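Colleague: With the input below, show me the fold.
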Amino acid sequence: MSAAPHPALRPADPPWPATAARSERILVLGSPGSGKTTLATRLAGATGLPLHHLDDLYWAADWSRPDPRAWERTQRRLVAGPRWIIEGNHLPTIPVRMARADLVVLLDVRPRTCAARAVRRAAAIRRGRHDGLPALVRARAEAGHPVAATQDFPRLLWKIARFRARSLWPAIEHARDNPHTTLVIAVGPGRARRRRARLRRRLRRAGVSALVLTIRQLDADGEA
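Modeller: You can find the predicted model right below:
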C-alpha cells in the first residue's frame with residue numbers, strides 16, 4: 001500500500017503557471033550551477049516580487065563569511081517582508097526561509113551539467129566578466145582589484161558532486177515544516193523522464209506531495 005500524502009504539505013495544485021502567479025514568497029533552491037539565479041530573475045520579472053540573492057548578502061568583498069548568528073538574523077529580517085523571492089541554498093538556515101515561503105522551487109540538475117556551468121562561469125570571471133560574482137566581490141573587481149572567481153573552487157565542485165546525495169532530499173523534507181508550502185521540483189535535461197519517475201516514486205513512498213516538472217516546462221508553461 002502506498003503512503004498517503006503527508007498532511008503538512010499541500011498538493012502542488014493548480015499547475016505551475018497559476019502556482020507561480022499566486023505566490024508571494026518564493027524560495028529557489030538547487031545545486032550551484034543548476035540555474036537558480038536565471039530562474040529567480042525570470043520569476044521576479046514575471047511576478048514583480050522583490051528578488052534577493054543570498055550570495056550577495058553572505059559574502060564579503062574578500063570572500064569571507066559572516067558570523068553564523070548574524071547571518072541568521074539577516075535572513076530573519078529578510079523573510080519578515082510580505083513579498084519576496086529568495087534565491088540560494090545555505091542549507092543550515094533553510095528552516096528560517098521555509099517557515100515563511102508559500103512556494104519552493106527546487107532545481108534538480110545533473111552534477112556534471114552543474115559542474116560544467118561552474119567551470120565556464122569561473123573562466124568568464126577570470127576573463128573580466130564580473131556579473132557572476134556576489135555583489136561586494138563584484139564591486140571590488142570593478143574597482144580594479146584582483147579577485148578570485150569563487151571562495152574555494154575545489155570545495156564548490158565537491159558540493160556540486162554531492163548535492164543530490166547530501167542536500168536534495170533534506171531540502172525536500174524541510175518543506176514539511178510549513179503547512180502552507182507548495183513544493184515544485186524541476187528536473188534538468190538528461191534522462192529527465194526517468195529521473196522524474198524515480199523522484200515521484202520516492203516522494204510517494206515518503207508521503208510528500210509535489211509538482212515534478214522539467215525545467216523546460218517551467219519555461220514553456222508560464223512566464224518564468
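Colleague: where along the chain do the helices fall?
Modeller: 16-22, 36-47, 54-58, 68-79, 94-98, 111-126, 135-142, 153-162, 169-174, 192-206, 215-221 (DSSP state H).
Colleague: Which secondary structure elements does the longest one sit against?
Modeller: With contacts defined as 3 or more C-beta pairs under 8 Å, 6 or more residues apart in numbering; DSSP states H and E, the secondary structure elements packing on helix 111-126 are helix 153-162. Where C-beta positions appear, they are placed from N, C-alpha and C, glycine not excepted.
Colleague: nearest to His180, of the helices of the chain?
Modeller: helix 94-98 (10.5 Å; C-beta to C-beta).
Colleague: For the closest one, list every residue counted as buried.
Modeller: Ile94, Val96, Arg97, Met98 (16 or more other C-beta atoms under 10 Å).
Colleague: Test my guess that the second one contacts Gln75.
Modeller: Yes. With the criterion set as C-beta atoms under 8 Å, Val96 and Gln75 qualify as a contacting pair; they are 4.8 Å apart.
Colleague: Just the residues contacting the least confident helix or strand in the chain by mean pLDDT, thanks.
Modeller: Ranked by mean pLDDT, DSSP states H and E, the weakest helix or strand in the chain is helix 215-221, scoring a mean of 75. Outside helix 215-221, the residues within contact range by C-beta atoms under 8 Å, 6 or more residues apart in numbering are 15-17, 35, 39, 42, 105, 107, 109, 186-189, 213, 224.
Colleague: let's see it at 6 Å
Modeller: Trp16, Pro17, Ala186, Gly188, Ala224 (C-beta atoms under 6 Å, 6 or more residues apart in numbering).
Colleague: before we move on, what about stretch 190-197?
Modeller: Taking C-beta under 6 Å, 6+ apart as the rule, stretch 190-197 contacts Arg110, Val187, Val212, Thr214.
Colleague: what's the most distant pair in these?
Modeller: Arg110 and Val212 (15.7 Å).
Colleague: How about Thr181, nearest residue that isn't a chain neighbour?
Modeller: Ala175 (5.1 Å; C-beta to C-beta, 6 or more residues apart in numbering).
Colleague: Settle this for me: the one you found is touching Val104, isn't it.
Modeller: Yes. At 5.5 Å, Ala175 and Val104 qualify as touching, with contact defined as C-beta atoms under 6 Å.
Colleague: how much distance is there from the least confident helix or strand of the chain to the middle of the chain?
Modeller: On the basis of C-alpha atoms, centre = their mean, to the nearest Å, helix 215-221 is displaced by 16 Å from the centre of the chain it belongs to.
Colleague: cool, and stretch 103-120?
Modeller: Per C-alpha atoms, centre = their mean, the centroid offset for stretch 103-120 relative to its chain is 10 Å.
Colleague: Also stretch 145-157?
Modeller: Relative to its parent chain, stretch 145-157 has a centroid offset of 20 Å by C-alpha atoms, centre = their mean.
Colleague: got the CA positions of that stretch in CSV?
Modeller: Output in CSV follows, covering the C-alpha atoms of stretch 145-157 (Å, rounded to 0.1, in the frame of the first residue of the first chain):
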residue,chain,number,x,y,z
HIS,A,145,41.3,44.9,-7.5
PRO,A,146,42.1,41.2,-8.3
VAL,A,147,39.6,38.8,-7.0
ALA,A,148,39.2,35.0,-7.0
ALA,A,149,36.4,33.5,-9.1
THR,A,150,35.0,31.8,-6.0
GLN,A,151,35.8,31.3,-2.4
ASP,A,152,37.1,27.8,-2.8
PHE,A,153,36.7,26.2,-6.2
PRO,A,154,37.5,22.6,-5.4
ARG,A,155,35.0,22.7,-2.5
LEU,A,156,32.4,24.2,-4.8
LEU,A,157,32.9,21.2,-7.2
